[in-house]
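Colleague: Sequence below, structure please.
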Amino acid sequence: MPYLILRDGVPLWYEEHGSGPVVVLVPGWTITTRFWQRQLADLARDHRVVTLDLRGAGSSGKTPDGHSLSSYAEDLGELLDHLDLAGATLVGFAMSVSVSAHYLVAHGAARVARFVWVDHSPRFFVTPSWPYGLFGSFTPGQLDGLLARLRHDRPAVTAELVDLMFAPREDWMVPELMKTPTEVATAMLAAVAGTDLRPLLPQLDLPVLAVNGERSAVPAAVGGWLAANLPRGRSIVLEGAGHAPFWDDPAGFNRALRDFIQEEA
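Modeller: Numbers count the residues shown, from 1 in each chain. Okay, here's the model as predicted:
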C-alpha cells in the first residue's frame, strides 16, 4: 500500500481496494484503516474503496504540526486530487465528519458526489438550545477533564474510549489507537470538540446520509435533526448499534451505503 507525501513532507498512508464507483472511508479520532475491515472486502466486490490514516495516526507520518480540522481537510483534498477521483461517496466517521465537512465547504463537490455522516453530533456540548451533545449532557468542563486524563493516563483512557466506541473490545484495538502520539491525540480531540458544524450545514449542498447507532453516546435523534437541517439530508438509525454502527452492524451499514449510492447515482 502506498504513501502520499503531503505538501509539508508528511507521508500519508492510504489503501485502495477493488474497482467501480468510488467510496472513500475516512476514520475518526486516532482510528486507522484497520477499523474498516468489515467494509473493505464487501464493498470492494463492486466499488473502488479508498481509505487512509489521518496525519499522526496509524501508519501515517508523526508530526506535531497540522492538527486542525482545516489541515486534515487539506490532506484529504491532496489525496483525492492525487488519485484524480470523481463522483466519490465520502464516508466520514465521528471526528472525520468534521474533517469532511471542512473539505466540502472549502472545495465543493467537484470530486465528491455524496456524503455519509456517521454518528457525529455537529456540536459536542449541550446548551439550552442544543440537546444533542454527547451523552445528552457533555460540557466544556468535562472535556477539560478528559483531555487532562488523556495526557496523564493515556492507555487507561484510550481503553475506556475504545470500550465506548467498539464494545466488546478486541485485543488489537487499543494498541492501534496508541500509534497516535499523546500530544497529537489530545490536539485532535480538542480540535473536533471545539467546533460547531451547524453554521456550515447550508453549504453542504449535496446528498447527505446521516447514519446513527441506537445506543451511541451521540443521541440518535441528531440524525433526524440533520435530515431536517441539511439541504439534501436523510437519516437512518441502526438498531442495537453503538457509536460505530459500521462495526456493530456491518451488514446493515453496508446495505444502507449501497442503497444510498444507487439512489443518488
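Colleague: Which residue ranges of the stretch 51-200 of the chain form helices?
Modeller: Secondary structure of the stretch 51-200 of the chain (DSSP state H, counting those that start in this stretch): helices at 69-82, 95-107, 140-152, 154-166, 173-177, 182-193.
Colleague: Which one, of those helices, ends up nearest to I261?
Modeller: Among those, helix 95-107 comes nearest to I261, with 16.0 Å by CB to CB. (Each C-beta comes from the backbone N, C-alpha and C, glycine too.)
Colleague: related to what we said a few turns ago, any chance of the helices of the stretch 51-200 of the chain in JSON lines with mean neighbour count and distance to G18 as columns?
Modeller: Listed next are the helices of the stretch 51-200 of the chain as JSON lines, based on neighbours: other CB atoms under 10 Å; distance: least, CB to CB, whole Å:
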{"stretch": "helix 69-82", "mean neighbour count": "19", "distance to G18": "17"}
{"stretch": "helix 95-107", "mean neighbour count": "23", "distance to G18": "21"}
{"stretch": "helix 140-152", "mean neighbour count": "14", "distance to G18": "36"}
{"stretch": "helix 154-166", "mean neighbour count": "17", "distance to G18": "24"}
{"stretch": "helix 173-177", "mean neighbour count": "19", "distance to G18": "23"}
{"stretch": "helix 182-193", "mean neighbour count": "20", "distance to G18": "29"}
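Colleague: show me what contacts the residue lying closest to L69 once chain neighbours are set aside?
Modeller: Leaving aside its chain neighbours, L69 sits nearest to H102 (4.8 Å; criterion: CB to CB, 6 or more residues apart in numbering). Residues in contact with H102, defined by CB atoms under 8 Å, 6 or more residues apart in numbering, are L69, S70, Y72, A73, L200.
Colleague: any chance of the helices of the stretch 51-200 of the chain in JSON lines, plus distance to R55 and mean pLDDT?
Modeller: Below are the helices of the stretch 51-200 of the chain laid out as JSON lines (distance: least, CB to CB, whole Å; pLDDT from 0 to 100):
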{"stretch": "helix 69-82", "distance to R55": "6", "mean pLDDT": "98"}
{"stretch": "helix 95-107", "distance to R55": "11", "mean pLDDT": "98"}
{"stretch": "helix 140-152", "distance to R55": "19", "mean pLDDT": "97"}
{"stretch": "helix 154-166", "distance to R55": "19", "mean pLDDT": "96"}
{"stretch": "helix 173-177", "distance to R55": "15", "mean pLDDT": "98"}
{"stretch": "helix 182-193", "distance to R55": "8", "mean pLDDT": "97"}
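Colleague: how about those helices in CSV, adding distance to I236?
Modeller: Converted to CSV, these look like this (distance: least, CB to CB, whole Å):
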stretch, distance to I236
helix 69-82, 24
helix 95-107, 15
helix 140-152, 29
helix 154-166, 19
helix 173-177, 25
helix 182-193, 23
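Colleague: for those helices, which one sits closest to R258?
Modeller: Nearest of these to R258, taken as CB to CB: helix 95-107 at 19.3 Å.
Colleague: Off-centre distance for the closest one?
Modeller: 10 Å (CA atoms, centre = their mean, to the nearest Å).
Colleague: repeat for stretch 87-99
Modeller: Centroid separation for stretch 87-99 versus its chain: 5 Å, with CA atoms, centre = their mean.
Colleague: quick one: terminal-to-terminal distance for it?
Modeller: Terminal residues of stretch 87-99 are spaced 19 Å apart (CA to CA, to the nearest Å).
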